[in-house]
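S.K.: Okay, sequence plus prediction incoming.
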Amino acid sequence: MKCTETKSFFVTGTDTASGKTLASTMLLRAFNQAGYPVYGMKPVASGCLRTADGLVSEDALKLMNNSTIKLPYKIINPIALETPCSPNIAAELEGCNLTPQIILDAFRVLQRNKGIIIMEGVGGWCTPVFGLQGMGDIVKQLSLPVLMVVGLRLGCINHAAMTLSAIEKDGVELVGWIANHVDPDYTQSEQTVSCLQDLLGCNLLGHIPFLRDPTIIANLDIQSLLE
């Protein structure tokens with residue numbers, strides 16, 4: 001791939017606290033270190049902070065701070081909700097009418113920039129955003145390859161299997177995954193990763209150790225994503 005092109009990926013997780021933002025940030029840094037312009041996007045965020053400039057997501061700010069060009073916040077996070085719960089419920093409580101077009105319009109603007117776009121999902125793959133509908137239709141419409149962050153803890157194999165099944169049911173492709181060691185007391189990480197490699201059937205891009213300094217670039221193998 002040349003820098004005159006745009007390539008985009010969607011980052012999902014096995015659950016809400018699997019480490020999508022940390023992984024997305026490290027992906028941005030890894031691609032940037034490899035010489036590519038990079039842009040992060042958090043299309044939907046709940047639990048946003050109310051500021052003088054409006055509602056702001058800390059996750060979206062982290063992605064912005066690791067992007068090549070600082071674009072308007074509304075392009076990076078077009079749907080910002082204050083209530084810290086599922087976006088469909090937060091939108092109902094706050095009287096917001098959410099539509100996929102809000103995200104599609106922002107993405108098209110972001111897509112004008114050449115390089116790598118990392119779009120981070122909200123919650124897990126099936127987290128409702130538009131009524132009971134999640135982000136699957138948008139990911140399919142934009143033909144985004146999917147990267148899964150697996151938070152290594154008790155139950156993560158089941159969560160990863162269900163996430164994979166839902167991704168495939170929505171007609172999109174899982175092209176890579178990242179192991180995030182979220183539980184320091186989980187002693188079966190090595191065996192779990194081995195099992196997940198067989199289960200997921202795509203490239204393991206790398207490991208994020210527990211409490212890794214987020215300013216350090218994780219040793220992620222992004223080469224397979226550029227082929």
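M.R.: Everything's here; your move.

S.K.: Quick one: the strands in the chain, in order.
M.R.: With DSSP state E, the ranges of strands along the chain come out as 6-13, 38-41, 44-45, 49-51, 54-56, 79-80, 115-120, 146-151, 174-180, 203-208.

S.K.: Mind listing the strands the third one pairs with, and their directions?
M.R.: For strand 44-45, the paired strands and their directions (DSSP bridges) are strand 79-80 (parallel).

S.K.: Relative to the whole chain's centre, how far out is the partner strand?
M.R.: Chain-centre distance of strand 79-80: 15 Å, with C-alpha atoms, centre = their mean, to the nearest Å.

S.K.: Likewise for stretch 165-172?
M.R.: Relative to its chain's centre, stretch 165-172 lies at 16 Å (C-alpha atoms, centre = their mean).

S.K.: Mind listing what's buried along that stretch?
M.R.: Residues 166-167, 170, 172 are the ones in stretch 165-172 that count as buried (16 or more other C-beta atoms under 10 Å). Just so you know, the C-beta spots here come from the backbone N, C-alpha and C atoms, and that holds for glycine as well.

S.K.: And for stretch 198-210?
M.R.: Under the neighbour-count criterion of 16+ other C-beta under 10 Å, stretch 198-210 has 200, 202-208 buried.

S.K.: Residue 63 and residue 187, how far apart?
M.R.: Going from residue 63 to residue 187 by C-beta to C-beta, to the nearest Å gives 32 Å.

S.K.: Looking at these two, which one has more neighbours?
M.R.: Between residue 63 and residue 187, residue 63 has the larger neighbour count (other C-beta atoms under 10 Å), namely 23 against 9.

S.K.: check contacts around that one.
M.R.: Applying C-beta atoms under 8 Å, 6 or more residues apart in numbering, we find residue 63 in contact with 21, 24-25, 28, 40-42, 76, 118, 120.

S.K.: Then residue 12?
M.R.: Counting by C-beta under 8 Å, 6+ apart, residue 12 has contacts 20, 121, 124-125, 135, 146-149, 163, 167.
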